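Peer 1: got a structure for you, letters missing:
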């Protein structure tokens, strides 16, 4: 399921396409996709929240502080290495050019938040 809240960035259709491209990329990269995505977009930014992207084993690992820290480190390393391919994937599928990104892994809620600023 994809939910969208838009500002002046783009049409709702374009933002939905970006969410779908990000979810598809997650599936291609990790071999599994999130159960849903939420996008919030403003004038020159957007936030993509991927819901339940973690495996059952990762959720169990994240039940203690050390496991949650390791989970964040692994996802941060993957995201850092995968940002350029993600950027190309989003641009190729939607025409939206992303300039930069940051990642926040909320292990307690099993959500990845990708903060991206379109060009």
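Peer 2: Received the coordinates, thanks. Computed from a predicted structure; not experimentally measured. Numbering: from 1, shown residues only.

Peer 1: a helix runs through residue 22, doesn't it?
Peer 2: Yes. According to DSSP: H, G, I helix; E, B strand; the rest coil, residue 22 belongs to a helix.

Peer 1: What about it, how many residues nearby?
Peer 2: Residues lying near residue 22 (other CB atoms under 10 Å) number 28. Just so you know, the C-beta spots here come from the backbone N, C-alpha and C atoms, and that holds for glycine as well.

Peer 1: what's the answer for residue 37, then?
Peer 2: Residue 37 sits with 26 neighbouring residues when counted by other CB under 10 Å.

Peer 1: Check the contact between it and residue 51; I expect there is one.
Peer 2: Yes. Between residue 37 and residue 51 there is a contact at 6.7 Å, judged by CB atoms under 8 Å.

Peer 1: residue ranges of the helices in this structure, please?
Peer 2: Counting by DSSP state H, the chain has helices at residues 12-30, 56-61, 65-94.

Peer 1: where are the low-confidence patches of this structure?
Peer 2: 1-10, 107-119 (pLDDT under 70).

Peer 1: swap the cut-off to 90 and go again
Peer 2: 1-65, 68-69, 71-119 (pLDDT under 90).

Peer 1: thinking again about what came up before, so which of the helices of the chain is the most surrounded?
Peer 2: Comparing those by mean neighbour count (mean count of other CB atoms under 10 Å), helix 12-30 ranks first with a mean of 18.

Peer 1: For residue 72, which non-adjacent residue is spatially closest?
Peer 2: Closest residue in space to residue 72, ignoring its immediate chain neighbours: residue 105 at 4.4 Å, by CB to CB, 6 or more residues apart in numbering.

Peer 1: and that neighbour, how many neighbours?
Peer 2: Using other CB under 10 Å, residue 105 is surrounded by 23 other residues.

Peer 1: And it, how far from residue 69?
Peer 2: Residue 105 is 10 Å from residue 69, where distance means CB to CB, to the nearest Å.

Peer 1: picking up where we left off before, tell me which of the helices of the chain lies nearest to residue 43.
Peer 2: helix 12-30 (12.9 Å; CB to CB).

Peer 1: Between helix 65-94 and the closest one, find me the angle.
Peer 2: Using axes from the mean of the first three to the mean of the last three CA atoms, to 10 degrees, one finds that helix 12-30 and helix 65-94 are set 130 degrees apart in direction.

Peer 1: Thanks a lot, catch you later.
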